[in-house]
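In: the sequence and its predicted three-dimensional model are supplied below.
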Amino acid sequence: MKVIQLTDLHLFSDIHQELFGVNTYNSFNKIINHLLLKEGDCDAIIVTGDISQDETVPSYELALELLKKLNKPVYYLQGNHDQKEKLNLVFSDLKPIDELCSPYWNFISVDTVDYGKDSGFLSNDELNNLKNKICKNERNNIALIMHHHCLKLGTPLIDGCMLLNSNKLIEIIDKEKTIKLVICGHAHGDYKLTHKNFTLEVAPAVCFQWKKGTKLPDVEKKIGYRKFYFFKDKYLSETIMI
């Protein structure tokens, strides 16, 4: 199964508005056109949050309009910049991450958003929800999909707003050997780290990247996405930058 991950679109209701000197609508439009030309054989699209920057219904409508051009199943979750109710209203015909299916992999969403904050946090309810989902797993490999990163990436600007109680998540992962992969966005950069029995895959942002290692906002005007191939006993990943 081939899956494309898109993350951190940061769209506005005004298609001409810019964020840090970048027209985010144009960036997303370029990504969509590239996918239409190069990735027509993918089985699904996952969108891992920060779809909107201004939290407006029109910004989500713009995202949906372009996503529909791909004519592929789209699965999504919210990020810290999203307004959950508006997002779910506009994306009501799309599917939550947990409905993504593979014969050998289960995909489990984790809600890391702490509303009103850039950093992530797992509530007790969400931790219990995750444990319940894992218990229902029939020994398939598990990929957790979330917005915030759970391991420090070495870039202070974004490590200051990572998943703050990531130790709680790591404890669960370390006990459950079937969790092989954690997929996220949020960091505006291409990262891959291995911790014990799992790998953290962080996709580049659709709109722009933060310079690796930076402490202050320092934009690199590159756009990209990640693609995954899921097999019986393994997965492969590749980052595409445009």
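Out: Perfect, I can see it now.
In: phi, psi of residue 241?
Out: When quoted as degrees, to the nearest 10, the phi and psi of residue 241 stand at phi -110, psi 140.
In: is it bridged to anything, and to what?
Out: Residue 241 has the following beta-bridge partners by DSSP bridges: residue 224.
In: which residues touch it?
Out: 190, 204, 222, 223, 224 (CB atoms under 8 Å, 6 or more residues apart in numbering). For glycine as for every other residue, the C-beta is placed from the backbone atoms N, C-alpha and C.
In: what residues of stretch 167-177 count as buried?
Out: When burial is assessed from 16 or more other CB atoms under 10 Å, stretch 167-177 yields the following buried residues: 168, 169, 170, 172, 173, 176.
In: that should have said stretch 89-108, apologies.
Out: By 16+ other CB under 10 Å, the buried positions in stretch 89-108 come out as 90, 91, 94, 97, 100, 102, 105, 106, 107, 108.
In: next step: the residues you listed restricted to strands.
Out: Under the assignment DSSP state E, the buried residues of stretch 89-108 contribute 105, 106, 107, 108 to strands.
In: and which of those is nearest residue 141?
Out: Comparing those against residue 141 with CB to CB picks out residue 105 as the nearest, at 4.9 Å.
In: hang on, the closest one packs against residue 141?
Out: Yes. Because the distance of 4.9 Å satisfies CB atoms under 8 Å, residue 105 is recorded as touching residue 141.
In: common neighbours of the two, please.
Out: Overlap between the contact sets of residue 105 and residue 141, as judged by CB under 8 Å, 6+ apart, is given by residue 235.
In: so what touches the helix or strand of the chain with the lowest mean pLDDT?
Out: Counting by mean pLDDT, DSSP states H and E, the chain has its least confident helix or strand at strand 95-96, which shows a mean of 92. Taking contacts as CB under 8 Å, 6+ apart, the residues outside strand 95-96 that touch it are 73, 74, 75, 76, 77, 109.
In: and stretch 150-163, by the same measure?
Out: Taking CB under 8 Å, 6+ apart as the rule, stretch 150-163 contacts 80, 112, 117-122, 146, 148-149, 166, 169-170, 182, 184, 186-189, 191, 193, 195, 200, 202, 210-218.
In: again, 7 Å this time
Out: Residues from elsewhere that reach stretch 150-163 (CB atoms under 7 Å, 6 or more residues apart in numbering): 112, 118-120, 122, 148-149, 166, 169-170, 182, 187-189, 191, 193, 195, 200, 202, 210, 212-217.
In: may I see the buried residues of stretch 167-177 organised as CSV, with distance to residue 26 added?
Out: Supplementary listing: the buried residues of stretch 167-177 in CSV, determined by distance: CB to CB, whole Å:
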residue, distance to residue 26
168, 39
169, 35
170, 38
172, 40
173, 38
176, 42
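In: out of those residues, flag the one nearest to residue 29.
Out: For residue 29, the closest of the buried residues of stretch 167-177 turns out to be residue 169, at 34.5 Å, with distances computed as CB to CB.
In: number of nearby residues for the closest residue in space to that closest one that isn't next to it in sequence?
Out: For residue 169, ignoring the flanking residues on the chain, the nearest one in space by CB to CB, 6 or more residues apart in numbering is residue 150 at 5.3 Å. Under the neighbour criterion other CB atoms under 10 Å, residue 150 is assigned a count of 27.
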